[in-house]
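[1] no sequence for this one, just the structure:
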């Protein structure tokens, strides 16, 4: 997942169109033989329509009961581009200053980790 902030410190989130329709950070699953960073950049581009300029690993969320590990990267995205999410996957792309009530478990975890005063919106 990618953690991108705007000039005011708001975090870029995407609203899922399928499943539980959570707000979450852009990102997703990687393909076999795909590096984590390449997969991250591909997923962010698919979900937002914007290229990732750089990515630095920050944290991970280990969920043994779900048999998954989520890696968090601080990312810098190209600017001046309109959001163009994959219509079948993402409903909305926008920056949030507060944690949405319908946040995914991974977003909640990383928000709490990086912002000790997370307040539900």
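    Happy to help now that I have it. Keep in mind that what you see is a predicted model, and the values were worked out from it rather than measured.
[2] my read: residue 12 touches residue 25, true?
    Yes: between residue 12 and residue 25 there is a contact under CB atoms under 8 Å: 7.5 Å. (C-beta placed from N, C-alpha, C; glycine too.)
[3] shared neighbours, those two?
    The overlap between the contact sets of residue 12 and residue 25 (CB atoms under 8 Å, 6 or more residues apart in numbering) consists of 2-3.
[4] where does the chain dip in pLDDT?
    Low-confidence segments of the chain (pLDDT under 70): 116-121.
[5] can you give me the strands for the protein?
    Secondary structure of the chain by DSSP state E: the strands cover 2-3, 11-16, 23-24, 52-63, 68-77, 90-96.
[6] residue 34 is nearest to which of those strands?
    Between residue 34 and the strands of the chain, the shortest separation by CB to CB is 13.0 Å, and it involves strand 68-77.
[7] quick one: buried residues of that closest one?
    By neighbour count with 16 or more other CB atoms under 10 Å, strand 68-77 contains the buried residues 70-73, 75, 77.
[8] could I get the strands of the chain as TSV with distance to residue 33?
    Written out in TSV, the entries for the strands of the chain read as follows (distance: least, CB to CB, whole Å):
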stretch	distance to residue 33
strand 2-3	21
strand 11-16	26
strand 23-24	25
strand 52-63	19
strand 68-77	17
strand 90-96	25
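[9] for the most centrally placed residue in the chain, what are its contacts?
    When CA atoms, centre = their mean is applied to the chain, the residue found nearest the centroid is residue 25 (1.8 Å). If a contact means CB under 8 Å, 6+ apart, then residue 25 has 1-3, 11-14, 72, 106-107, 110 as its contacts.
[10] can we see that at 6 Å?
    When contacts are counted by CB atoms under 6 Å, 6 or more residues apart in numbering, residue 25 is found next to 1, 107.
[11] for residue 114, which of the strands of the chain is the nearest?
    Set against residue 114 and scored by CB to CB, those come closest in strand 2-3, at 7.1 Å.
[12] ok, how many other residues are close to residue 114?
    15 (other CB atoms under 10 Å).
[13] tell me, how many residues neighbour the closest residue in space to residue 24 that isn't next to it in sequence?
    If the residues on either side of it in the chain are set aside, residue 24 comes closest to residue 104, at 3.9 Å by CB to CB, 6 or more residues apart in numbering. Using other CB under 10 Å, residue 104 has 21 neighbouring residues.
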